[in-house]
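Structure of the sequence below:
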Amino acid sequence: MYLKIKIMKKNSVLKLSLFLSVFAALLAPFMAFSQSAADETKLINDSKAAKAKFIDADNLMQSLFTNSAAYVIFPNVGKGAVGVGGAAGSGILFESNTPVGKAKLKQVSIGFQFGGQAYREVIFFESKAQLDKFKGGDFELAAQASAVAVNKGAAANVNYKEGLMIFTQEKSGVMYEASVAGQKFSYKAFK
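Residues are numbered from 1 along each chain as shown. So this is what the prediction gives:
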């Protein structure tokens with residue numbers, strides 16, 4: 001009987017491993033959905049459209065776009081997970097409402113999580129000092145950094161934390177998670 005239970009456990013582990021491998025392979029195209037940095041014009045237009053969606057959801061965000069030192073918009077971030085997850089997207093950095101460079105977002109997370117989703121993200125920089133750190137090319141948000149989900153009036157009660165203000169807006173998908181995650185960014189100025 002002991003041998004039978006041991007074989008059943010081994011088969012269960014193999015089946016679970018196979019399932020996770022297949023799911024990860026299916027998840028890869030979803031993760032690749034994030035914006036291609038090759039088409040700068042499309043990425044800029046998508047970023048401007050995402051800005052309009054943020055403002056439509058909460059018109060108080062207009063003052064953040066106007067008064068921040070700068071902001072970076074990731075119009076299409078793809079996120080997926082089965083236990084271990086990841087997210088990726090490309091975006092545009094705006095200074096004085098002028099696009100000045102491309103940014104990439106990458107995230108790895110661990111914890112209880114399952115599913116996939118697409119969302120938008122905007123990060124507002126309070127000062128030139130924080131903006132310069134971001135432009136340095138190796139900028140990270142710690143796991144403790146929190147983002148506010150955009151809805152009517154969300155911007156009214158949010159303050160800069162360590163010189164940053166972060167908002168997200170779900171586009172599609174379902175994601176169940178209780179995880180620890182940090183985001184890493186890279187930046188390249190337009191020529």
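
Quick check: what element follows the lowest-mean-pLDDT helix or strand in the chain along the chain?
Within the chain, no helix or strand scores below helix 2-32, which has a mean of 46 by mean pLDDT, DSSP states H and E. The element immediately downstream of helix 2-32 (helix or strand, assigned by DSSP states H and E) is helix 40-57.

Now do the buried residues in whichever strand in the chain runs longest.
The strand that spans the most residues within the chain, counting by DSSP state E, is strand 98-125. Within strand 98-125, the residues that count as buried by 16 or more other CB atoms under 10 Å are 99, 101-105, 107-109, 113, 116-125. In short, each C-beta sits where N, CA and C put it, glycine included.

quick check: angle from it to helix 40-57?
Angle between the axes of strand 98-125 and helix 40-57 is 40 degrees (criterion: axes from the mean of the first three to the mean of the last three CA atoms, to 10 degrees).

What residues are bridge-paired with Leu141?
With DSSP bridges as the criterion, Leu141 is bridged to Gln183.

What distance do you get for it to Ala49?
24 Å (CB to CB, to the nearest Å).

which of those two has more neighbours?
For Leu141 versus Ala49, neighbours defined as other CB atoms under 10 Å are more numerous around Leu141 (19 against 12).

List the residues that contact the more buried one.
Leu141 makes contacts with Leu164, Ile166, Gly182, Gln183, Lys184, Phe185, as judged by CB atoms under 8 Å, 6 or more residues apart in numbering.

Any chance of a markdown table for these, columns neighbour count, pLDDT and distance to Met61?
As requested, the contacts of Leu141 are exported to a markdown table (neighbours: other CB atoms under 10 Å; pLDDT from 0 to 100; distance: CB to CB, whole Å):
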| residue | neighbour count | pLDDT | distance to Met61 |
| --- | --- | --- | --- |
| Leu164 | 19 | 88 | 15 |
| Ile166 | 17 | 87 | 12 |
| Gly182 | 14 | 78 | 24 |
| Gln183 | 23 | 84 | 20 |
| Lys184 | 13 | 89 | 25 |
| Phe185 | 21 | 91 | 21 |
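
Go through those and name the one nearest Gly80.
Gln183 (15.2 Å; CB to CB).

Can you name the residues that contact that closest one?
Ala87, Leu105, Lys106, Gln107, Glu140, Leu141, Ala145.
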